[in-house]
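1. Below are the sequence and a predicted model for it; my questions follow.
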Amino acid sequence: MKKILVCTLLSAFALSAFAEGPTCMASAAEKKLAGAAKTSFMKKCEKDAAATCDAAAAEKKLAGAAKTSFTKKCVRDAVGAP
């Protein structure tokens with residue numbers, strides 16, 4: 001039962017992550033970044049995404065495995081990594 005609830009919550013959050021805006025990869029491509037500039041941009045973007053996702057997990061009062069799973073998926077979606 002808990003797994004179903006967690007999956008449902010993650011699905012809802014994933015949809016909101018897609019609605020937030022372009023991914024880091026898309027932003028880097030749009031800005032035509034390459035090399036060190038792209039690497040630096042991606043690292044900063046990933047840190048910002050992690051902070052935002054952690055805050056969202058705290059707001060939703062997630063803990064343990066649910067928080068970890070949510071945060072990983074949220075960051076992956078925000079960064080645009082496969």
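-> That came in fine, so what should we check first?
2. Please count neighbours and contacts with C-alpha atoms only from this point.
-> Noted.
3. Point out where the chain drops to low pLDDT.
-> Residues of the chain meeting the criterion pLDDT under 70: 1-20, 82.
4. repeat that with 90
-> 1-22, 80-82 (pLDDT under 90).
5. Mind naming the longest helix for the protein?
-> Ordering each helix of the chain by length in residues (DSSP state H) puts helix 35-59 first.
6. Show residues contacting that helix.
-> With contact meaning CA atoms under 8 Å, 6 or more residues apart in numbering, helix 35-59 is reached by 24-25, 28, 63, 67, 70-71, 74-75, 78-79.
7. try it again with 7 Å
-> 24, 28, 67, 71, 74-75, 78-79 (CA atoms under 7 Å, 6 or more residues apart in numbering).
8. Can you flag which of those residues belong to helices?
-> 24, 28, 67, 71, 74-75, 78-79.
9. With neighbour count added, can I get those residues in a markdown table?
-> Converted to a markdown table, the ones in helices among the contacts of helix 35-59 look like this (neighbours: other CA atoms under 10 Å):
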| residue | neighbour count |
| --- | --- |
| 24 | 23 |
| 28 | 18 |
| 67 | 20 |
| 71 | 23 |
| 74 | 26 |
| 75 | 23 |
| 78 | 26 |
| 79 | 23 |
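10. of all the residues you listed, which two lie farthest apart?
-> 28 and 67 (27.8 Å; CA to CA).
11. returning to what we had before: JSON lines please, covering the ones in helices among the contacts of helix 35-59 and showing distance to residue 54.
-> Listed next are the ones in helices among the contacts of helix 35-59 as JSON lines, based on distance: CA to CA, whole Å:
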{"residue": "24", "distance to residue 54": "17"}
{"residue": "28", "distance to residue 54": "23"}
{"residue": "67", "distance to residue 54": "8"}
{"residue": "71", "distance to residue 54": "6"}
{"residue": "74", "distance to residue 54": "9"}
{"residue": "75", "distance to residue 54": "9"}
{"residue": "78", "distance to residue 54": "13"}
{"residue": "79", "distance to residue 54": "15"}
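12. Residue 34: which of those is nearest?
-> residue 28 (8.1 Å).
13. What is the neighbour count of the residue nearest to the closest one when sequence neighbours are not counted?
-> Leaving aside its chain neighbours, residue 28 sits nearest to residue 38 (6.4 Å; criterion: CA to CA, 6 or more residues apart in numbering). Close neighbours of residue 38, defined as other CA atoms under 10 Å, add up to 18.
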